[in-house]
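Student: Structural data only, the sequence is not supplied:
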RNA sequence: GGGGUCGUGGUGUAGCGGUUAACAUGCUAGCCUGUCACGCUGGAGACCGCGGGUUCGAUUCCCGUCGACCCCGCCA
């Protein structure tokens, strides 16, 4: 007796098989019945000659079904399981709060999130996370292939990386600590050890956002690389990753992509880039939108620039570079050739900022001066500054917002749909 | 933090100053031998978010409150 899944069923025609999963739907036809069993990745149609086998069988019960795999042209998948016995491993005690076996889960986001463990059973809901998992796995494998070491830094920290009040304070052994808003300092410090590092981990922002693109805990894909010539090296690394990712998703997640109707961009070796000043010129000339010199891009501008990029520059991605010192954190490397600017960039995708990165300051004296220029005390950053006195190479890095990238890739309306159990201003459970 | 829209059976919606509060789906009883959004005939299920006000009468109008979603500020 072999074990089959929705994926492997068609390869076992003529064999006796076991199928395990959940009761997705029952269609009783009179003298026989169809039982649709959903497993980890698909739905299998099984046929029961004796409809009494499904009596008392509730939707979502966990079952083990035994039978013979039969090639069947009348079945949409070409193969089905002719059942001889059904074992209920764990019965559903009550109906699910919404219809999990409809093509689309027509439920408000709030109810979807309130019953997250059940809404995720819907094929379209869970497809998001298979793709997101693949995305993260690709990030890891791509960077390992480029000589990066995966690190795991503490999420309990003594102070923030960028000052500010957007930190979650926590009680720590009688003193005050915070949840990390970024692994920034640690990944930079590890440049002096490994040269190239990356981290996949949650970060925490205590900002009281109330938008469709912010959550207070998100998965940050961070990388930091040493011995670079400029921020362009970091951008090239991201381009390489994204090109690899797009190709790989098409290979490994074709079913999920089709199910969601997602448009995955074609892999591109090179992505367009414009400076912030050029971006503002585009907004002015093409869209009649005026932004002052010190303004950062607002959400509408990000959408317009992405429209511009898709229509005129041949990509749904767009790097925006050369942000002014005033809007970047103290560790951002000033651009000597363009006074007042930093060697930094954002990556926009389908109207949203999905990455921030840049070259960092690696000279101790410059870093101390930068800290002081922000009214901060270098003494408070002693642990961070130490390696900078001991041969810190030129380096840079970036951070990708996983849920943002996923939600844009899949055209999700709200970032929460790309978070398994999202944490926002109001939601702490489930 | 500011602005907007919205709270009606489990879910998703309709509706109206006086209704047996409607429809779909789900649940349930029964019928049906190839469905794949199966179909058909019945049944149960809603004090219309909560509090107050206007009114002979409020689910409907007004105020407050709580909650949700969207936009903005800021960010990934």
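Tutor: Cool, got the structure. The model shown is predicted, which means the values in this text are computed figures rather than measured ones.

Student: quick one: residue A:23 from residue A:59, how far?
Tutor: To residue A:59, residue A:23 is 5 Å away according to Cβ to Cβ, to the nearest Å. Quick note: C-beta positions are derived from backbone N, CA and C, even for glycine.

Student: Which residue of the two possesses the greater neighbour count?
Tutor: Taking other Cβ atoms under 10 Å, residue A:23 and residue A:59 do not tie; residue A:23 has more neighbours (23 against 18).

Student: Leaving out chain neighbours, which residue sits closest to that one?
Tutor: residue A:61 (4.9 Å; Cβ to Cβ, 6 or more residues apart in numbering).

Student: Now for the one you found: which residues touch it?
Tutor: A:22-23, A:88-92 (Cβ atoms under 8 Å, 6 or more residues apart in numbering).

Student: For those, which single residue is the most surrounded?
Tutor: residue A:23 (23 neighbours).

Student: From residue A:374, how far out is residue A:326?
Tutor: For residue A:326 relative to residue A:374 (Cβ to Cβ), the value is 10 Å.

Student: if we can go back for a sec, so what sits against both of residue A:23 and residue A:59?
Tutor: Residues touching both residue A:23 and residue A:59 (Cβ under 8 Å, 6+ apart): residue A:92.

Student: residues touching residue A:274, list them.
Tutor: With contact taken as Cβ under 8 Å, 6+ apart, residue A:274 is in contact with A:282, A:305, A:318-321.

Student: Check which helix or strand it maps to.
Tutor: Using DSSP states H and E, residue A:274 sits within strand A:273-275.

Student: Can you give the strand pairings for that strand, parallel or anti for each?
Tutor: As defined by DSSP bridges, the strand partners of strand A:273-275 come to strand A:317-321 (parallel).

Student: Can you name the element that comes right after the strand it pairs with?
Tutor: Following strand A:317-321 toward the C-terminus (DSSP H and E): strand A:344-349.

Student: what inclination does that next one have with respect to strand A:317-321?
Tutor: 160 degrees (axes from the mean of the first three to the mean of the last three Cα atoms, to 10 degrees).

Student: Paired strands for strand A:344-349, with orientation please.
Tutor: By DSSP bridges, strand A:344-349 pairs with strand A:317-321 (antiparallel), strand A:352-360 (antiparallel).

Student: I'd like to know which of those strands is closest to RNA strand B.
Tutor: Among the strands paired with strand A:344-349, the nearest to RNA strand B by Cβ to the nearest atom of the strand is strand A:352-360 (3.8 Å).

Student: OK, contacts around residue A:205?
Tutor: Residue A:205 makes contact with A:166, A:181, A:214, A:216-218, according to Cβ under 8 Å, 6+ apart.

Student: Now tabulate those in JSON lines and tack on secondary structure.
Tutor: Output for the contacts of residue A:205, formatted as JSON lines (DSSP: H, G, I helix; E, B strand; the rest coil):
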{"residue": "A:166", "secondary structure": "coil"}
{"residue": "A:181", "secondary structure": "coil"}
{"residue": "A:214", "secondary structure": "coil"}
{"residue": "A:216", "secondary structure": "coil"}
{"residue": "A:217", "secondary structure": "strand"}
{"residue": "A:218", "secondary structure": "strand"}
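
Student: So which of these reach RNA strand B?
Tutor: Residues of these in contact with RNA strand B (Cβ under 7 Å from any atom of the strand): A:214, A:216, A:218.

Student: does the residue nearest to the second one when sequence neighbours are not counted belong to a helix or a strand, and which?
Tutor: This points to residue A:216. If the residues on either side of it in the chain are set aside, residue A:216 comes closest to residue A:423, at 4.8 Å by Cβ to Cβ, 6+ apart. Assigned by DSSP H and E, residue A:423 falls within no helix or strand.

Student: quick one: pLDDT of the residue in the stretch 1-150 of chain A that RNA strand B sits nearest to?
Tutor: RNA strand B sits closest to residue A:30 of the stretch 1-150 of chain A, with a gap of 2.6 Å, by Cβ to the nearest atom of the strand. According to the prediction, residue A:30 has pLDDT 85.

Student: ok, it touching residue A:51?
Tutor: Yes. With contact defined as Cβ atoms under 8 Å, residue A:30 reaches residue A:51; the gap is 7.1 Å.

Student: can you pull out the strands in the stretch 1-150 of chain A?
Tutor: Along the stretch 1-150 of chain A, counting by DSSP state E, counting those that start in this stretch, strands occupy A:2-4, A:16-28, A:33-38, A:43-48, A:62-71, A:79-90, A:149-150.
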